[in-house]
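Novice: Just need the structure, nothing else, for what follows:
(one chain, ligands or ions: 1)
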Amino acid sequence: MNSLFSLEGKIALVTGASRGLGQGIAVGLAKAGAEVIGVGTRSLEDTKKEVEGVGGTFHELISDLSKEGAAEKLAADAIAINGRVDILVNNAGIIRRSEAENFSNQDWFDVINVNQHAVFQLSREIGKHMLENESGKIINIASMLSYQGGLKVPAYTASKHAVAGLTKSLANEWSSKGVNVNAIAPGYMATDNTAPIRENEERNAYITSRIPQGRWGTPEDLQGAAVFLASDASNYVNGHVLNVDGGWMSS
Ligand code: NAP
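Specialist: A predicted model of the protein is given here:
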């Protein structure tokens, strides 16, 4: 049974692996045996330590995915490390908060650029490589705001709806060619991204009370879903958005 979920010998590229959910996913994939290439805009020393702490191998690639041409260069650099990439986790993401009527063009484009445009570009570049190998797993990190509207985060919501749509679109084209494309939609997870919400006592209490499991999620909570979607266990799963949300979408 273990071999069904084993990532032994697989190379995983994880964006936004310096902290938060991406770091948790990188460690989870390493625990299952994958060699991890982590991406961030700055040093990923902490993640390297954590991955090595579970007996894994870690490579760091610094890339600002908001920059033109960054995804193409990152794909080439990642493939050059071992000659292939078997798993891509499109996790890097940003959020900007403001009332919709005051939301600036700059904030709109910044969020769409990282959360949506870079996800497509990197999927296309690594996808081409996976199609040549007739094998690969792409996991996009969606959100509860791939379904719901959220508050004061119009660009984030638009981008995460796009991530869910892109996941299905790519799955339709690539699932018959050996490449599985799926997404994980995390619920409310305790990371830097959600720190401002947790600092708001009233909002924090409301959100916690609406989570059937009664607590915010942690980066470790995503590890099982990530290993499943990266492994042979999910070979007949395509275009699926897997909620890991403590039951939020059912409440
Ligand atoms: P986080 O703690 O703020 O971490 C964001 C990660 O993305 C960091 O590693 C950051 O790298 C990287 N990143 C940001 N901009 C980048 C860029 N231009 N180029 C390359 N890397 C960049 O966020 P998180 O909560 O872990 O979120 C990770 C993903 O999960 C995001 O897509 C987010 O939308 C999604 N998500 C989060 C939650 C939640 O409740 N936290 C819920 C649903 C979905 P640096 O450290 O170098 O800046």
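
Novice: Residue 180 touches residue 136, doesn't it?
Specialist: Yes: with contact defined as CB atoms under 8 Å, residue 180 reaches residue 136; the gap is 7.4 Å. (C-beta placed from N, C-alpha, C; glycine too.)

Novice: Determine which residue of the chain is most distant from the centre point.
Specialist: In the chain, the residue that sits farthest from the middle, by CA atoms, centre = their mean, is residue 101; the gap is 29.1 Å.

Novice: number of nearby residues for the residue in the stretch 51-200 of the chain that the ligand sits nearest to?
Specialist: Distances between the stretch 51-200 of the chain and the ligand by CB to the nearest ligand atom are smallest at residue 93, namely 2.3 Å. When neighbours are counted by other CB atoms under 10 Å, residue 93 registers 25.

Novice: can you check the one 5 residues further on too?
Specialist: Applying other CB under 10 Å, we find 13 residues neighbouring residue 98.

Novice: Now residue 156: closest residue in space that isn't a chain neighbour?
Specialist: With CB to CB, 6 or more residues apart in numbering as the criterion, residue 156 has its nearest non-adjacent residue at 4.8 Å, and that residue is residue 95.

Novice: Report the contact partners of that neighbour.
Specialist: Contact partners of residue 95, counting by CB atoms under 8 Å, 6 or more residues apart in numbering, are 111, 153, 156, 193.

Novice: Is the last one in contact with residue 91, as I believe?
Specialist: No: the criterion here is CB under 8 Å, and residue 193 misses it with residue 91 at 11.0 Å.

Novice: which one of those two has more residues nearby?
Specialist: residue 91 (26 against 18).

Novice: Run through the residues of the stretch 101-250 of the chain sitting next to the ligand.
Specialist: Counting by CB under 6 Å from any ligand atom, the residues of the stretch 101-250 of the chain lying close to the ligand are 114, 141, 143, 186, 188, 189, 191, 192, 193, 194.

Novice: For residue 212, list the residues it contacts.
Specialist: 246, 247, 248, 250, 251.

Novice: Go through the contacts of residue 95 and give me the one with the most neighbours.
Specialist: Busiest of those [other CB under 10 Å] is residue 111, holding 25 neighbours.

Novice: which residue packs closest to that one, ignoring adjacent ones?
Specialist: residue 155 (3.7 Å).

Novice: ditto for residue 100
Specialist: residue 154 (4.8 Å).

Novice: I figured the one you found hits residue 102, correct?
Specialist: No: in this structure residue 154 lies outside contact range of residue 102 using CB under 8 Å: 10.5 Å.

Novice: Settle it for me: which of these two has more neighbours?
Specialist: Using other CB under 10 Å as the criterion, residue 154 and residue 102 rank with residue 154 on top: 21 against 8.

Novice: which ones are touching that one?
Specialist: By CB under 8 Å, 6+ apart, the neighbours of residue 154 are 100, 103, 108.

Novice: ok, so of those residues, who is nearest residue 34?
Specialist: Here the nearest of those to residue 34, counting by CB to CB, is residue 108; it sits at 35.1 Å.
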